[in-house]
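Asks: quick one: sequence and predicted model below, then my questions.
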Amino acid sequence: MPEGHTLHRAARLQRRRFAGHQLQVDSPQGRFTDGAALLDGRVLEGVEAVGKHLFYRWEDAITVHVHLGLFGKFRTFTRDAPEPTQGTRLRWWGEPGTLHLSGPTACDVMESDAEEQLLLRLGPDPLAVRPGDEQRLQSAFARRRIPVAQLLLDQAVVSGIGNVYRAEFCFLVGVDPFTPANEVPPEMVRDIWRLAIDHMRVGERIGRIVTVDPTEVGVRLHREISSRERLYVYKRQGLGCRRCGSAIRHALLANRTVWWCPTCQR
DNA sequence: GCTGCATGATGAA
DNA sequence: TCATCCTGCAGCA
């Protein structure tokens, strides 16, 4: 379930759990055998997330880059870890427990120049805000004519937003997802950026995407919202909009499905 | 058991 | 714009 919040959360939890420990490493699937052999017996020093990318800092300045893609998953076990599945690309274990990684798009030892190249093509990350980020987003919007919902999936424009958040953010600011990016007013771009910061931070904390305002469904905390009530538009085609009752619509945009409320989003 | 689908991204055309 | 790669699981026979 990997949008940016998932990766930042994984980085935080894995860092807390495994950093500073010597680990044994292998690749049950066999597709990361050389990398695993290089890491085996070394200390994991840190874990960092940027957008949807993870960087593992190992002893002796070795960095491993992981990108979960659509299917990648981590499983961690305190003890009594099960046998790894066929698809377990990377496994490590040590005193704090065991971690299995399956299905990643990327899992590679990465040299520092390659990492630099990668970071250069990532846009601002709402979960790692730096000065000037909103301005960078503003100019990306002003320069591009592609639909706003498509722009929001471009990791060079903003990193970490995925198909759920992009649909929800468009709903929250009330913009039709097909609106050309350069026709979105700057105040609305600013609101998208601020919403991304707030909502993805919530997602990072509670481990799932919740964009519905808790008070709107009669609870106090995001984590108390039921999974059926947590989103406004994503995968809700045909159901009534939570705000106005109109039927939520969906369509394919650049090969990804986007959902929206035809009344609330103009 | 099989099919289709999924919160992603890339490279060829 | 399209095919392709990654894996697991729900939904269906």
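Replies: Alright, I've got the coordinates.

Asks: in three-state terms, label residue A:44 for me.
Replies: Secondary structure, DSSP: H, G, I helix; E, B strand; the rest coil: residue A:44 is strand.

Asks: wait, what's in contact with it?
Replies: By CB atoms under 8 Å, 6 or more residues apart in numbering, the contact list for residue A:44 reads A:18-21, A:23, A:56-59, A:92. C-beta here means a position set from N, CA and C on the backbone, and glycine is covered the same way.

Asks: now do the contacts for the single nearest residue of chain A relative to DNA strand C.
Replies: Going by CB to the nearest atom of the strand, DNA strand C is nearest to residue A:103 of chain A, at 2.8 Å. Listed by CB under 8 Å, 6+ apart, the contact set of residue A:103 reads A:68-69, A:71-73, A:87, A:89.

Asks: where's the residue nearest to residue A:179 when sequence neighbours are not counted relative to residue A:120, distance?
Replies: Leaving aside its chain neighbours, residue A:179 sits nearest to residue A:148 (5.1 Å; criterion: CB to CB, 6 or more residues apart in numbering). In this view, residue A:148 and residue A:120 are 24 Å apart by CB to CB, to the nearest Å.

Asks: which of these two has more residues huddled nearby?
Replies: Neighbour tally, residue A:148 and residue A:120, criterion other CB atoms under 10 Å: the higher count belongs to residue A:148, 25 against 8.

Asks: got the phi and psi for that one?
Replies: Residue A:148 adopts backbone torsions of phi -50, psi -40, taken as degrees, to the nearest 10.

Asks: partners of the nearest residue to residue A:87 once chain neighbours are set aside in the sheet?
Replies: Closest residue in space to residue A:87, ignoring its immediate chain neighbours: residue A:102 at 4.4 Å, by CB to CB, 6+ apart. Applying DSSP bridges to residue A:102 gives these bridge partners: residue A:73, residue A:88.
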